[in-house]
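Trainee: After the sequence you'll find the predicted model.
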Amino acid sequence: MKPIADFEAILTKVVTMIDGPRIYLDLQEHETGILAKLAELKYGDKFLHVVIYDEDEFMKEVENK
């Protein structure tokens, strides 16, 4: 299965709202294409599956393959 988007981000804020939690991400400046893709997904009512890895552990795993 090919991912729709694959990018690095920093979680900057988590807010609890009455209608559910909100998360805020900081993307790298060159990731403007990802922003457009996320906006497209939002208006297309797509369900996202988010997986979060520790960067150091992820890089070790990638290097071992």
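Mentor: Sure, I can see it.
Trainee: Point out where the protein drops to low pLDDT.
Mentor: Scanning the chain for pLDDT under 70 picks out 65.
Trainee: The residue of it positioned farthest from its centre and residue 55: what is the separation?
Mentor: Most distant from the centre of the chain: residue 64, at 23.8 Å, with distances by C-alpha atoms, centre = their mean. As judged by C-beta to C-beta, to the nearest Å, residue 64 and residue 55 stand 15 Å apart. Quick note: C-beta positions are derived from backbone N, CA and C, even for glycine.
Trainee: which outside residues touch stretch 54-65?
Mentor: Residues from elsewhere that reach stretch 54-65 (C-beta atoms under 8 Å, 6 or more residues apart in numbering): residue 8.
Trainee: May I ask you to confirm that residue 26 is in contact with residue 7?
Mentor: No - Residue 26 is beyond contact range of residue 7, at 11.1 Å (criterion: C-beta atoms under 8 Å).
Trainee: So which residues of this structure form helices?
Mentor: Using DSSP state H, the helices found in the chain span residues 32-43, 55-63.
Trainee: So for residue 20, which of the ones you listed sits nearest?
Mentor: Set against residue 20 and scored by C-beta to C-beta, those come closest in helix 32-43, at 14.3 Å.
Trainee: Show me what counts as buried in that closest one.
Mentor: For helix 32-43, the neighbour count (16 or more other C-beta atoms under 10 Å) marks 34, 38 as buried.
Trainee: How far off centre is that helix?
Mentor: Taking C-alpha atoms, centre = their mean, to the nearest Å, one finds helix 32-43 lying 11 Å from the centre of the chain it belongs to.
Trainee: same thing with stretch 11-26?
Mentor: Its chain's C-alpha centre and that of stretch 11-26 lie 13 Å apart, by C-alpha atoms, centre = their mean.
Trainee: What are the contacting residues of that stretch?
Mentor: For stretch 11-26, contacts defined as C-beta under 8 Å, 6+ apart pick out 9-10, 52.
Trainee: Extract the C-alpha trace of it and format it as PDB.
Mentor: In PDB, the C-alpha atoms belonging to stretch 11-26 read as follows (Å, rounded to 0.1, in the frame of the first residue of the first chain):
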ATOM      1  CA  LEU A  11       3.800  18.000  17.800                       C
ATOM      2  CA  THR A  12       3.500  21.500  19.200                       C
ATOM      3  CA  LYS A  13       0.200  21.600  21.000                       C
ATOM      4  CA  VAL A  14      -2.600  19.300  22.300                       C
ATOM      5  CA  VAL A  15      -6.000  20.800  23.200                       C
ATOM      6  CA  THR A  16      -9.100  19.200  24.600                       C
ATOM      7  CA  MET A  17     -12.300  20.600  23.100                       C
ATOM      8  CA  ILE A  18     -15.900  19.800  23.800                       C
ATOM      9  CA  ASP A  19     -16.200  18.000  20.400                       C
ATOM     10  CA  GLY A  20     -12.900  16.200  20.700                       C
ATOM     11  CA  PRO A  21      -9.200  16.700  21.000                       C
ATOM     12  CA  ARG A  22      -7.100  18.800  18.600                       C
ATOM     13  CA  ILE A  23      -3.400  18.400  17.800                       C
ATOM     14  CA  TYR A  24      -1.100  21.000  16.200                       C
ATOM     15  CA  LEU A  25       1.900  20.100  14.100                       C
ATOM     16  CA  ASP A  26       4.900  22.100  13.000                       C
END
